[in-house]
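J.: prediction below, plus the sequence it came from.
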Amino acid sequence: SVESDDPWPVDNRRPFAVKWSTPQKVLLIDGRPGSTPFEGQAYFLQKALAASGADHGISPFQAEIAYGLEGREGLRDLSGYETIGLCGVSGLSSAAVQSLVTFVEGGGGLVHFLDESAPAGVAALSQVGLVPRVISLDGSAEEVSLESWKKGHPAFVGFETPEGGSLESFDWRDKLVVNP
């Protein structure tokens with residue numbers, strides 16, 4: 001409020017609203033960290049999540065990298081995270097799988113970033129219904145045609161202008177076949 005001696009006190013206050021949000025905590029489990037951070041499965045994903053396209057420059061995510069769901073102290077506590085990202089994880093113990101099931105059932109998000117180790121990495125998760133049952137990675141050069149797509153989807157927005165390229169002739173490096 002503003003101190004004033006004028007006879008009208010109504011204009012001494014100016015209410016306003018602010019949107020206050022804290023960054024969503026994301027835990028990235030790096031299944032194949034490599035010998036340098038740049039070789040890890042989660043490093044560039046963490047950097048992408050830290051970037052922000054907003055004018056104020058603050059990312060809506062706070063990503064942390066871990067190298068497993070289990071350690072010397074046992075299972076990692078997932079309660080402080082909103083999303084777990086599995087990056088190149090090729091094997092999970094039954095206790096870790098159950099921890100992820102509990103996390104997802106409690107409202108947490110789970111994203112599995114697949115690579116060539118995908119079939120081995122998702123076997124235990126598919127048994128509990130956290131991923132589709134059949135996943136295969138195919139590096140063939142077979143031509144794939146897209147019948148339609150949502151042009152407004154964030155993955156395709158960059159292709160809307162001539163400077164962004166065109167999806168009419170898009171070279172796919174490999175494809176991941178998922179059959180629910």
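T.: Ah, there it is.
J.: need the helix or strand of this structure with the lowest average pLDDT.
T.: strand 134-138 (a mean of 53; mean pLDDT, DSSP states H and E).
J.: who's in contact with E64?
T.: Counting by Cβ atoms under 8 Å, 6 or more residues apart in numbering, E64 makes contact with 25-28, 46. (Each C-beta comes from the backbone N, C-alpha and C, glycine too.)
J.: if we use 7 Å, what do you get?
T.: By Cβ atoms under 7 Å, 6 or more residues apart in numbering, the contact list for E64 reads 27-28.
J.: any weak-confidence spans in the protein?
T.: Within the chain, the stretches with pLDDT under 70 are 1-2, 52-56, 116-121, 132-160, 162-180.
J.: which residues in it form helices?
T.: Applying DSSP state H to the chain gives helices spanning 43-50, 94-105, 118-127.
J.: deepest of those, which one?
T.: helix 118-127 (a mean of 17; mean count of other Cβ atoms under 10 Å).
J.: using CSV, write out the CA atom coordinates for stretch 32-41.
T.: Taking Å, rounded to 0.1, in the frame of the first residue of the first chain, the C-alpha atoms of stretch 32-41 are listed here in CSV:
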residue,chain,number,x,y,z
ARG,A,32,25.1,-46.0,-19.8
PRO,A,33,27.1,-43.0,-18.5
GLY,A,34,30.2,-43.4,-20.6
SER,A,35,33.7,-42.2,-19.7
THR,A,36,32.9,-38.5,-20.0
PRO,A,37,29.7,-36.6,-19.4
PHE,A,38,29.2,-36.1,-23.1
GLU,A,39,29.1,-39.8,-23.8
GLY,A,40,26.3,-40.4,-21.2
GLN,A,41,22.7,-41.2,-22.2
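J.: just the residues contacting it, thanks.
T.: 30-31, 43, 67, 87-88, 113, 115.
J.: please redo it, this time with the cut-off set to 6 Å
T.: The contact list for stretch 32-41 (Cβ atoms under 6 Å, 6 or more residues apart in numbering) reads 30-31, 43, 67, 87-88.
J.: repeat for stretch 70-83
T.: Stretch 70-83 has contacts (Cβ under 6 Å, 6+ apart) with 24-27, 69, 95-96, 99, 103, 109.
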